[in-house]
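K.L.:
next comes the sequence, and after it the predicted model I'd like to discuss.
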Amino acid sequence: MNGKKHLSKQFNPGVEPLVAKYLEYRNRVELFEKKENKTKSEGDTIAFCRQKLDEVEAALFPPVHVVKKVLAAWQLLHRVGEEMILLMEKEELGGYGLRLHLEVKMSMLPDAQKEDWSIRIAESMKQTAEVDCNPEQVEHVRHLFKNIYRAINAIVDNSFWDLWANRLLALCYIVLLIGITGLFLWDMAQNTCLTPLKILMLGTIGGLLSGIVTGERETFPKGHFWMPTAYYILARPTLGALAALVTFWMIESQFLVRIDPPLSEDVSAFNCVSANKEKRPLLIESARLSGPTSETIPATKQRAEQGAPQEKGSVDLSVVTLTAKEGKQHYLYLLVLLFAGFAGDKLLKYIADRVTTKLMAKAEKTKEAK
């Protein structure tokens, strides 16, 4: 199939540069094939390039309804480009050295390696520029340029793989986020009670948001795809849901964090609405084991007044007090639970460290008393 037939096919814009590079390399290989007096080594290199180009064509132009293998096509084209360096003449090597020198400077190689290779490239270009340069020196320069170019291509391939994998994972997070957010809003429209399911869904939403924002930090080793993908998709929402639930228990028990003023039974936004739309007392169904009620609020306020005055957002050694406008505490609950899901892994580690520290301190005091 000629190049015009290839270009007549429909491609998405991201594949068009790959097709152009394939056609360019194929034309260059055809020119090398027409060269007379080829050595056996050059013939083997041309055959290798032709084989890889056939594999690229199979990856880019598969049968109908088959997905294109873009990642494989790029890496195969890189192998072709590296091998074609071995077919360059002495004069062409000099010009290619300038381009390779610039690519080394712009690459993500370590600085020490950039400096060393830049020096080697400059020395090699001087050798090829000499009139009395022998074929052995030219062959040495060819292989040196080939290996340097392969190292640069390896970084490009790894970066392209990481970018593709992370974007795919972010897309999965977005789809799950839309679905769970819709389910949460539908559940809130049916019943405004803060149930355990709503707490878990809020934490899951926070965990998915964290995955979208910080997904670039996740790694996908080549050769392993489904295992890390399933791990991240399950781990982040699970940690977020667990962190939201633990945070809710902390608020209710006033351990490390509390919300002031506490919720009361007359908060309409948290009242459970029955089928006949009659208001019932506040229920935090099954999840709220022991929260403040209208009977305990006066005693709580009295104890707060007797103690030292606390400012908004104050920190009393181990308890962080979050203040909200009277009657708007439920919004602060939702916000705190969402943030807890967003920072699920860090929050759970922080809580575990604080609990361990307190237990150790208590054990030391008990030991000293004895």
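P.N.:
Sure, I can see it. Numbering: from 1, shown residues only.
K.L.:
and the residue of the chain positioned farthest from its centre, what helix or strand is that in?
P.N.:
What lies farthest from the middle of the chain is D132; by Cα atoms, centre = their mean that is 53.8 Å. Element membership for D132, per DSSP states H and E: none, as it lies in no helix or strand.
K.L.:
show the pLDDT at it.
P.N.:
The confidence metric pLDDT takes the value 71 at D132.
K.L.:
swap in R280?
P.N.:
The predicted local confidence for R280 is 39.
K.L.:
now swap in F48 and tell me
P.N.:
Listed pLDDT for F48 reads 93.
K.L.:
before we move on, what about W186?
P.N.:
On pLDDT, W186 comes in at 91.
K.L.:
what do you get for I180?
P.N.:
According to the model, I180 scores 92 on pLDDT.
K.L.:
so which strand or helix has it?
P.N.:
Per DSSP H and E: I180 is located in helix 135-190.
K.L.:
residue ranges of the strands in this protein, please?
P.N.:
257-260, 271-273, 279-282, 315-316, 319-323 (DSSP state E).
K.L.:
who touches stretch 147-154?
P.N.:
By Cβ atoms under 8 Å, 6 or more residues apart in numbering, the residues outside stretch 147-154 that reach it are 78, 81-82, 85, 100, 103-104, 107, 109, 117, 120-121. Heads up, the C-betas are built off the backbone N, CA and C, glycines and all.
K.L.:
picking that back up, and the helix holding I180, how far out from the chain's middle?
P.N.:
9 Å (Cα atoms, centre = their mean, to the nearest Å).
K.L.:
next, count neighbours for E82.
P.N.:
E82 has 18 neighbouring residues, counting by other Cβ atoms under 10 Å.
K.L.:
contacting residues around it?
P.N.:
Contacts for E82 (Cβ under 8 Å, 6+ apart) come out as 146, 149-150, 153.
K.L.:
and those, which is closest to A59?
P.N.:
Among those, N153 lies closest to A59 (Cβ to Cβ), at 16.8 Å.
K.L.:
next one: that closest one from F160, what distance?
P.N.:
From N153 across to F160, the span is 10 Å (Cβ to Cβ, to the nearest Å).
K.L.:
okay, these two: which has more neighbours?
P.N.:
Neighbour totals were compared for N153 and F160, and N153 leads with 19 against 14 (other Cβ under 10 Å).
K.L.:
give me the pLDDT for that one.
P.N.:
pLDDT, N153: 92.
K.L.:
what does I297 give?
P.N.:
On the pLDDT scale, I297 gets 43.
K.L.:
the closest residue to P62 other than its chain neighbours - how many residues pack around it?
P.N.:
Closest residue in space to P62, ignoring its immediate chain neighbours: K68 at 6.3 Å, by Cβ to Cβ, 6 or more residues apart in numbering. Around K68 there are 15 other residues, counting by other Cβ under 10 Å.
K.L.:
I'd guessed K68 sits against V15; true?
P.N.:
Yes: contact criterion Cβ atoms under 8 Å: K68 and V15 qualify, at 6.6 Å.
K.L.:
can you list residues touching both of these two?
P.N.:
In contact with both K68 and V15: L60, using Cβ under 8 Å, 6+ apart.
K.L.:
could you list the low-confidence segments of this protein?
P.N.:
By pLDDT under 70, the weakly predicted segments of the chain are 1-11, 65, 131, 215-216, 263-318, 362-370.
K.L.:
and if we set it to 50?
P.N.:
265-269, 273-317 (pLDDT under 50).
K.L.:
all helices of the stretch 1-150 of the chain, in order?
P.N.:
3-7, 16-33, 40-60, 70-84, 90-106, 111-129, 135-190 (DSSP state H, counting those that start in this stretch).
K.L.:
I'd like the distance between L334 and W249.
P.N.:
Applying Cβ to Cβ to L334 and W249 gives a distance of 16 Å.
K.L.:
which one's more surrounded, these two?
P.N.:
L334 (17 against 14).
K.L.:
dump the residue contacts of that one.
P.N.:
The contact partners of L334, by Cβ under 8 Å, 6+ apart, come to L202.
K.L.:
likewise for V104?
P.N.:
Counting by Cβ under 8 Å, 6+ apart, the residues that V104 touches are 114, 117-118, 121, 148, 152.
K.L.:
name the nearest residue to it, sequence neighbours excluded.
P.N.:
Using Cβ to Cβ, 6+ apart, the closest residue to V104 is W117 (5.2 Å).
K.L.:
give me the number of residues near that neighbour?
P.N.:
Residues near W117, counting by other Cβ under 10 Å: 21.
K.L.:
do the same with D116
P.N.:
13.
K.L.:
and it, how far is that from I148?
P.N.:
10 Å.
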